[in-house]
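*Asks:* Okay, predicted coordinates and the sequence, questions at the end:
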Amino acid sequence: MSRRNSRTSAVKRSRTRRAGESAYGVVLLVRTGVLALLALLLLVAGVWTSWGTAQYAMLVKARERGTMTVVACADDRCTGPYVPTEGDGRRRAKVSVAKVAAPDKGERVEVTMRSGTADAVRTGPAGILYAWVPFGGSLLLAALVVAGGLRWRRTAWAMGWCGAALLVAAFVAL
């Protein structure tokens, strides 16, 4: 037998087949890019939503800080008097805080005031965890996109567990 017969010779594919394979590769690349952008959009939206409250809960040095005594709770807000703990704040007869973040009636909670409003934001570990709850939810949603669309299972599991841990920690802290 000659050497030429023992090898398999390469068959050249037609232009149509090569173009089809190329187009399929482009479609897969576009699909991966769109799903990665969707997952990134979900995460950015979660951070954006959380930061609106988290900045008050976390960066309390330059804000008006004090304590609020819970007097009454309505649908989704609890109200009560506010007493500042530092010199630059003023007493207020009625401020409100999210019902989920408020303790039982008659109890005091440390809060910081939103600028120019009568809305208070709970501070401390419980307030910080509660502020980041939307980000935890976005981690869970993005994990579904990463697992189902991108097929990055380990990354999706890590994102999902982090989101679930954040939600559970916020629930336990409140």
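*Replies:* That came in fine, so what should we check first?

*Asks:* can you list the residues that contact stretch 88-107?
*Replies:* Stretch 88-107 has contacts (C-beta atoms under 8 Å, 6 or more residues apart in numbering) with 64-66, 68-84, 109, 111, 113, 118-122, 126-127, 130, 174. In this view, the C-beta of every residue, glycine as well, is placed from N, C-alpha and C.

*Asks:* switch to 6 Å and redo it
*Replies:* Applying C-beta atoms under 6 Å, 6 or more residues apart in numbering, the contact partners of stretch 88-107 are 64, 66, 68, 70, 73, 76-79, 81-83, 109, 118-120, 122, 130.

*Asks:* Also stretch 157-168?
*Replies:* Here stretch 157-168 makes contact (C-beta under 6 Å, 6+ apart) with 136, 139-140, 142-143.

*Asks:* ok, which stretches of this protein are helices?
*Replies:* 3-6, 15-58, 124-131, 133-145, 153-173 (DSSP state H).

*Asks:* Report the distance from the longest one to the chain centre.
*Replies:* Distance of helix 15-58 from the chain centroid (C-alpha atoms, centre = their mean, to the nearest Å) equals 16 Å.

*Asks:* show me the contacts for the residue nearest the centre of the chain.
*Replies:* Compute the mean C-alpha point of the chain, and by C-alpha atoms, centre = their mean the closest residue is residue 135, 1.0 Å away. Residues near residue 135 by C-beta under 6 Å, 6+ apart: 46-47, 50.

*Asks:* From those, keep the buried residues only.
*Replies:* Among the contacts of residue 135, those buried by neighbour count (16 or more other C-beta atoms under 10 Å) are 46, 50.

*Asks:* pLDDT for the contacts of residue 135 - can I get that in CSV?
*Replies:* Listed next are those as CSV, based on pLDDT from 0 to 100:
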residue, pLDDT
46, 97
47, 97
50, 96
